[in-house]
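In: Please work out how this folds:
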Amino acid sequence: MSEDTIAGTLDALAGLLPEHLLNPKAAIVCGSGLSTLASSLRDVVEVPYSALQGFGKSTVPGHKSVLAFGLLGPGAGVPVVAMLGRFHAYEGHPLSTVVYPIRVFAKLGVQNIIITNAAGALNPNLPVGTIVAIHDHLAIPNMAGALNPLFGPLRSPDHVRFLPLSDAYSPRLRRLLFRAAHAEQLPEAALAEGTYAWVSGPTYETPAEGRFLRAAGADVVGMSTVPEVLAAREEGMDVLVLSLVTNAVVIPETYRSIKAEVEAELAGRPVVQPPPAVVSHEEVLAVGKQKAEVMKSLVARVLSMLD
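Out: Numbering: from 1, shown residues only. Predicted coordinates:
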């Protein structure tokens, strides 16, 4: 997106927001089924994406198409913006659109960003419902040279050409997260740390792909987040990513042998037909709804601790 497009977006926001909400100090990106994270804010002003130049439309169930601006915390409060619904490359959005809101947040003065997502567990030690603080990522589309939002000319002389990512995930914000979990009296098993694998989607992983990603060191897998992390780091923000485990990736120990089943049938032996193991988006949304209150309280606590 051009600087003129961003300028148009900022002008539109200036005309829609009261002055005390125009310079948010933190941002939240809400993943599938997690749009209620913004309900911790007060004096909320919602701005539909359709009112903002450069914004796309989120088409995935569980995502809205709204920016929510509001205050968090006691007293005057800290101004915060929440993105209720993100954009994905698999929807047909170019990566410049996927990360455009992040660029806008930077221009508004956002210094810290919390990015959430729904993810599948590759690590069998991460049960459904676990909140995983991401400390690293494996970006298959980036490694394959197909999808990277930093392709092209540098957008600013302040950006570096070769962005280091060994420090992509802020230890300071992760420390606040675990202190917040303690303050919220969450059980120790409620949170974990791990590596996120980004795949393009929109298909869920085959067993072979899941096995590959697990062997490569990934703990959870999803179809978003990494492009936003790259843009946020390029813009100088500190990043915290929370992945809510909504399903286990289907990785059977062995494959069902149709050959053996047919041989057994021909020999007159009974054959048990196992039900197919599959993942659905409805399952993802259901777990997101179940854990929305925990995620909301945790995110609100972290944001209130930023100062």
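
In: Break down the stretch 101-250 of the chain into its helices, ranges please.
Out: Along the stretch 101-250 of the chain, counting by DSSP state H, counting those that start in this stretch, helices occupy 140-143, 171-183, 207-215, 226-234.

In: Pull the number of nearby residues for the closest residue in space to Pro202 that isn't next to it in sequence.
Out: Excluding the flanking residues, the one nearest Pro202 by C-beta to C-beta, 6 or more residues apart in numbering is Tyr90, at 4.1 Å. Any C-beta I mention is one placed from the backbone N, CA and C, and that applies to glycine too. Around Tyr90 there are 15 other residues, counting by other C-beta atoms under 10 Å.

In: same thing with the one 5 residues further on?
Out: Using other C-beta under 10 Å, Leu95 has 20 neighbouring residues.

In: any chance you could read off phi and psi for it?
Out: With angles defined as degrees, to the nearest 10, Leu95 sits at phi -60, psi -30.

In: May I have the distance across stretch 271-289, first residue to last?
Out: Across its full length, stretch 271-289 reaches 39 Å between end residues, using C-alpha to C-alpha, to the nearest Å.

In: Just the buried residues of it, please?
Out: By neighbour count with 16 or more other C-beta atoms under 10 Å, stretch 271-289 contains the buried residues His281, Val284, Leu285, Val287, Gly288.

In: Out of the helices of the stretch 101-250 of the chain, which one sits most buried?
Out: With neighbours taken as mean count of other C-beta atoms under 10 Å, those reach their highest mean count in helix 226-234, at a mean of 25.

In: Can you list the neighbours in contact with that helix?
Out: The contact list for helix 226-234, computed with C-beta atoms under 8 Å, 6 or more residues apart in numbering, reads 29, 86, 89, 95, 98-99, 102-103, 105-106, 113, 115, 137, 139, 142, 147-150, 155, 159-160, 163, 165, 168-169, 196, 198, 239, 241.

In: Just the pLDDT for Ser2.
Out: With respect to pLDDT, Ser2 scores 73.

In: Make residue 1 into 795 and carry on from there
Out: With the count now opening at 795, the last piece we talked about shows up as Ser796.

In: neighbours around it, how many?
Out: Neighbourhood size, Ser796 [other C-beta under 10 Å]: 10.

In: which ones are touching it?
Out: If a contact means C-beta under 8 Å, 6+ apart, then Ser796 has no contacts.

In: Tell me the bridge partners for Ala991.
Out: Bridge pairing for Ala991 (DSSP bridges) gives the partners Leu932, Val1015.

In: Against Arg1050, how distant is the residue nearest to Pro996?
Out: 29 Å (C-beta to C-beta, to the nearest Å).

In: Please apply the same query to Thr803.
Out: Using C-beta to C-beta, we find Thr803 at a distance of 52 Å from Arg1050.

In: Compare those two and say which is more crowded by neighbours.
Out: Neighbours per residue (other C-beta under 10 Å) separate Thr803 from Arg1050, with Thr803 holding more: 22 against 11.

In: what about the more buried one, which helix or strand?
Out: Thr803 is part of helix 797-810, with elements assigned from DSSP states H and E.

In: Name the residues of that helix that are buried.
Out: Buried residues in helix 797-810, counted by 16+ other C-beta under 10 Å: Thr799, Ile800, Thr803, Leu804, Ala806, Leu807, Leu810.

In: for stretch 912-926, same thing?
Out: For stretch 912-926, by 16+ other C-beta under 10 Å, it's Ala912, Ala913, Gly914, Ala915, Leu916, Asn917, Leu920, Val922, Thr924, Ile925, Val926.

In: out of these, who's nearest Pro842?
Out: Of all the buried residues of stretch 912-926, Pro842 sits closest to Ala912, with 23.0 Å by C-beta to C-beta.

In: The closest one contacts Val1078, correct?
Out: Yes - counting by C-beta atoms under 8 Å, Ala912 touches Val1078, with 4.9 Å between them.

In: that older thread, the buried residues of stretch 912-926 into TSV, with extra columns for distance to Ala1054 and pLDDT?
Out: Below are those laid out as TSV (distance: C-beta to C-beta, whole Å; pLDDT from 0 to 100):
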residue	distance to Ala1054	pLDDT
Ala912	36	91
Ala913	34	95
Gly914	29	95
Ala915	29	97
Leu916	28	98
Asn917	30	98
Leu920	32	97
Val922	31	93
Thr924	36	95
Ile925	41	96
Val926	38	98
